[in-house]
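Chemist: generate coordinates for the sequence data below:
(chains A, B, C and D)
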There are 2 protein chains.
Amino acid sequence: MSRPRAFDNDAVLDAAIECFWRRGLAATSVRDLASQMGINGPSLYNAFGDKRRLFAEALERYAQQSMRERITRIEAKYTGQDAIEVFFKEVISRSLSDPDRRGCLIVNSALEVAPHDKELQLVISAYLKEIESFFGRCLGAADREGALPGSVDVADAARLFLGILLGIRVASRANPQRALLEGMVRPALTLFRSRNSPSKKGDR
Amino acid sequence: MSRPRAFDNDAVLDAAIECFWRRGLAATSVRDLASQMGINGPSLYNAFGDKRRLFAEALERYAQQSMRERITRIEAKYTGQDAIEVFFKEVISRSLSDPDRRGCLIVNSALEVAPHDKELQLVISAYLKEIESFFGRCLGAADREGALPGSVDVADAARLFLGILLGIRVASRANPQRALLEGMVRPALTLFRSRNSPSKKGDR
DNA sequence: ATTTATTTGTATCGATCGAAACAAAATATA
DNA sequence: TATATTTTGTTTCGATCGATACAAATAAAT
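Modeler: Residues are numbered from 1 along each chain as shown, chains lettered A, B, ... in the order given. The predicted structure is shown next:
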């Protein structure tokens, strides 16, 4: 009954993600967005409402494609300490190989957007909670396998790993050095019962 | 020989800190700044050059008044694990009692400014390094007192605590809940040899 | 083929951005 | 008191901001 869209919705959303990821919400202009998305301003407003709603859609797509994809992919192959180690290995690898220092759009938004937008704050908090829950599942599995000392509280340890993740994401934008990022994680892994510990003090 | 300034340089810098702290560099307009600082636009430009240089001055003053003040004050009274615990207790207390969720200007800037400003990136990295060094001194003292297990690498543990601090600062802007922030720290404190451990699993 | 509904491109809206031009005001020095 | 130097307040610059008015273009439904 009407003229069809000339652009692919997911493709232009990916372009929007790239803009917001690199420069944040406030510093990305609608003209930048429209240009990178390959559409006109009115098409952008027609399809997404306004800049803030476009951001919300881009953020949700990022959460799906980046965060949840990684979590489900890793949990399909690993459990417990292994899953956590692979997770951080991947995050650090990505952080060190990103010349634009984009970090993580969720973490960036937690700092830039959440304090000034109550609605998005709830969304972003929920994303962080998803990550915390992932760590919680890994730690719960480790606990059931007897891989956690009794002194370790699973819920707190999940919060610790979430904190380390946030720390890595922040540090990687200001000072992306392997020694720093890996050093943030390594001591936390000693919370697990030592297996055939491959890296200890003095190993380096 | 010339007309004197009608405003106190430190006082207006404090007002600028407040602006940048709450809204960041890009989202704070020169008009907002001048208004909150109680001066006119031209006076601002005359005294500080431009918005970016004003930001750099405000950031340095913040680092002195907020970060270094806390570190030196705590190190004058505490050492080792105590210093670290008091540090985090204070940071968490501040984070939970801030209705504007300002977080930490250094951490906010590490995420917002550092990736896009090479000069400020170096400054901000140096600030983060100062914090890491503080943790390193605390951990070194603990190590010399035999309060650290041999499996703990001091340099890495300092990076861990820096990471947790960054994580707390990010989380406190998106989801400032005591259980979350304290939970991020508590497991890391088990890296120290257990003293008369006042809080363990199930204590809560 | 006509109608209807939506998207597209062009142009532009008022508001605000960082920054500065300019002259009046103010004070230490001569 | 006269001069030199800086700050101050008013005004405004060109650029850009988010958002839209409007009409031409497009295609499914009738």
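Chemist: next secondary structure after the top helix by length along chain A?
Modeler: Ranked by number of residues, the top helix in chain A under DSSP state H is helix A:118-144. Per DSSP states H and E, the first helix or strand lying C-terminal to helix A:118-144 is helix A:154-174.
Chemist: can you list contacts of the helix or strand that comes right after that next one?
Modeler: Following helix A:154-174 in sequence order, the next helix or strand is helix A:178-185 (DSSP H and E). Contacts with helix A:178-185, where a contact means C-beta atoms under 8 Å, 6 or more residues apart in numbering or on different chains, come from A:88, A:92, A:95-96, A:164, A:167-168, A:171-172, B:153, B:155-156, B:158-160, B:162-163. (C-beta placed from N, C-alpha, C; glycine too.)
Chemist: between helix A:154-174 and the one helix or strand residue A:86 maps to, find me the angle.
Modeler: Assigned by DSSP H and E, residue A:86 falls within helix A:80-96. In terms of direction (axes from the mean of the first three to the mean of the last three C-alpha atoms, to 10 degrees), helix A:80-96 departs from helix A:154-174 by 20 degrees.
Chemist: let me know whether helix A:80-96 sits next to chain B.
Modeler: No - shown here: helix A:80-96 not in contact with chain B (C-beta under 8 Å from any C-beta of the partner chain), separated by at least 10.8 Å.
Chemist: mind checking how far that helix is from the chain centre?
Modeler: Centre-to-centre, helix A:80-96 and its host chain are 12 Å apart (C-alpha atoms, centre = their mean, to the nearest Å).
Chemist: identify the residues contacting residue A:90.
Modeler: When contacts are counted by C-beta under 8 Å, 6+ apart, residue A:90 is found next to A:70, A:74.
Chemist: how far away is it from residue B:187?
Modeler: Distance from residue A:90 to residue B:187, counting by C-beta to C-beta, to the nearest Å: 22 Å.
Chemist: also residue A:42?
Modeler: Counting by C-beta to C-beta, the gap from residue A:42 to residue B:187 is 52 Å.
Chemist: so what's the residue count around residue A:118?
Modeler: 8 (other C-beta atoms under 10 Å in any protein chain shown).
Chemist: which pLDDT value goes with it?
Modeler: For residue A:118, the model assigns a pLDDT of 97.
Chemist: also residue A:38?
Modeler: What the model reports as pLDDT for residue A:38 is 96.
Chemist: what do you get for residue A:115?
Modeler: Listed pLDDT for residue A:115 reads 98.
Chemist: so it makes contact with residue B:95?
Modeler: No - using C-beta atoms under 8 Å, residue A:115 is not in contact with residue B:95, being 11.7 Å away.
Chemist: joint contacts of the two?
Modeler: Common neighbours of residue A:115 and residue B:95 (C-beta under 8 Å, 6+ apart) are residue B:103.
Chemist: which one's more surrounded, those two?
Modeler: Higher neighbour count among residue A:115 and residue B:95: residue A:115, with 23 against 20, using other C-beta under 10 Å.
Chemist: what comes up buried for stretch A:80-98?
Modeler: Judged by neighbour count (16 or more other C-beta atoms under 10 Å in any protein chain shown), stretch A:80-98 contains these buried residues: A:80, A:81, A:83, A:84, A:85, A:86, A:87, A:88, A:91, A:92, A:95, A:98.
Chemist: please name the nearest non-neighbouring residue to the fourth one.
Modeler: This points to residue A:84. residue A:138 (5.0 Å; C-beta to C-beta, 6 or more residues apart in numbering or on different chains).
Chemist: so who does the one you found touch?
Modeler: Contacts for residue A:138 (C-beta under 8 Å, 6+ apart) come out as A:75, A:79, A:80, A:81, A:83, A:84.
Chemist: what do you get for residue A:80?
Modeler: By C-beta under 8 Å, 6+ apart, the contact list for residue A:80 reads A:138, A:139, A:141, A:142, A:145, A:147, A:192.
Chemist: list only buried entries from these.
Modeler: Here, 16+ other C-beta under 10 Å leaves A:138, A:139, A:141, A:142, A:147, A:192 buried among those.
Chemist: quickly check those for the two that are furthest apart.
Modeler: A:141 and A:192 (11.4 Å; C-beta to C-beta).
Chemist: low-confidence ranges in chain A?
Modeler: For chain A, the stretches flagged by pLDDT under 70 are A:1, A:196-204.
Chemist: how about the residues of chain A near DNA strand D?
Modeler: By the rule C-beta under 7 Å from any atom of the strand, the part of chain A lying against DNA strand D is A:1-4, A:28-32, A:41-42, A:45, A:50-52.
Chemist: how about the residues of chain A near DNA strand C?
Modeler: A:1-7, A:39-43, A:46-47.
Chemist: make JSON lines from those and add distance to residue A:125 and neighbour count to it.
Modeler: Shown next, in JSON lines, are the residues of chain A next to DNA strand C (distance: C-beta to C-beta, whole Å; neighbours: other C-beta atoms under 10 Å in any protein chain shown):
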{"residue": "A:1", "distance to residue A:125": "41", "neighbour count": "2"}
{"residue": "A:2", "distance to residue A:125": "38", "neighbour count": "4"}
{"residue": "A:3", "distance to residue A:125": "40", "neighbour count": "5"}
{"residue": "A:4", "distance to residue A:125": "37", "neighbour count": "4"}
{"residue": "A:5", "distance to residue A:125": "33", "neighbour count": "12"}
{"residue": "A:6", "distance to residue A:125": "37", "neighbour count": "8"}
{"residue": "A:7", "distance to residue A:125": "32", "neighbour count": "15"}
{"residue": "A:39", "distance to residue A:125": "31", "neighbour count": "19"}
{"residue": "A:40", "distance to residue A:125": "35", "neighbour count": "12"}
{"residue": "A:41", "distance to residue A:125": "32", "neighbour count": "12"}
{"residue": "A:42", "distance to residue A:125": "34", "neighbour count": "9"}
{"residue": "A:43", "distance to residue A:125": "32", "neighbour count": "16"}
{"residue": "A:46", "distance to residue A:125": "30", "neighbour count": "11"}
{"residue": "A:47", "distance to residue A:125": "27", "neighbour count": "17"}
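Chemist: show me which pair in these is furthest apart.
Modeler: A:1 and A:41 (24.8 Å).
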